[in-house]
Structure formats: structure tokens, C-alpha cells
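J.: prediction below, plus the sequence it came from.
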Amino acid sequence: MTNKIFEVLVYTHAEDKDGAYGESDIEKGFDTLDEAEKYYFNVRYYFGKQLMNYDSLESDADGHVIYEDHKKEMIQEKSFDVSKIDILAVCQINFDESDLVEFNGLSQEEETERIKDAAINSDRWRIIESEENVSYEVEEN
């Protein structure tokens, strides 16, 4: 428990072949339900996730699940195409499981900005003609 009344737990792996949760990989505590819900609904890379509400701040306090979601598949590497609009340049950026977990809790806009920044700093661009007045588009593969 994180010494907060509300807590979001994120699991990236199953503990056993039947899909039981093991230890949570992310535990984030919040003072208000609004803050906790905002984070919970922005968690996109997970095997399972829960939004918990505890009766008190005591370490052995009872808690109950407000929201829970469970996926059948584990997190896997994902690729994103980042395009430089109007100059025909494309860069493919790959993120492994640990990178994707770092995106959890970010808004879609914040995640897109991180992907775009990774592409900007990459040397994997194809067909670069000009760098002036460039805008970017991010698309998941």
C-alpha cells in the first residue's frame, strides 16, 4: 500500500498459466478518486489493472476494487510509425515491454509526444528532404 486511500495496481505478467496476478509492477497512490481514475483510464499497456479504495491508511486496511480490467495476452513490443508531414520522411520506432509500461498513466497526447521525441532523436529516418516547418504524425502499427 502506498499510504493513499486510492491506489492503481498494474500487472504486466500472469503469475501462472491460469492467468492469476502475481506481484504488481506499478503501484501508484492517489488522494482523490478523480486523480486515480484519470491515471487508471490512461493505463493502456497491461496484463491486468485495478483501481483500489482502502478503508484507511493503515497498512493492513481492508480495500475493495472499484475498477478492474484483465487482458488475455501479455504486453509485447509495439512499433509506431512517425511521419514528417509534407517532406515524405518516415521513421519506425520500436518500444519493448518495459518502455511501454513507462507510458502507463500518460494521456494519449503525452504518449504521442514521447513517441515523437524518440523519433526526432533517432537516426532511423528514411528519405529526409528538409527539416524546416515540419509537423509530425504518429501511427501505431
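T.: Right, received. Where do you want to start?

J.: after the lengthiest helix in the chain comes which helix or strand?
T.: As assigned by DSSP state H, the longest helix anywhere in the chain is helix 108-120. In the C-terminal direction, the helix or strand that comes right after helix 108-120 (DSSP states H and E) is strand 136-140.

J.: pull out the buried residues from that following strand.
T.: For strand 136-140, the neighbour count (16 or more other Cβ atoms under 10 Å) marks 136, 138 as buried. Just so you know, the C-beta spots here come from the backbone N, C-alpha and C atoms, and that holds for glycine as well.

J.: now it: how far from the chain's centre is it?
T.: Computed by Cα atoms, centre = their mean, to the nearest Å, the chain-centroid distance of strand 136-140 equals 17 Å.

J.: try stretch 110-124
T.: Mean-position distance between stretch 110-124 and its chain equals 15 Å (Cα atoms, centre = their mean).

J.: report the central residue of the protein.
T.: Note on the chain: the residue nearest the mean C-alpha position is Asn104, at 2.3 Å, using Cα atoms, centre = their mean.

J.: mind listing what it touches?
T.: Residues near Asn104 by Cβ atoms under 8 Å, 6 or more residues apart in numbering: 10, 26, 42-46.

J.: domain map for this structure?
T.: 6-70, 78-140 (automatic domain parsing).
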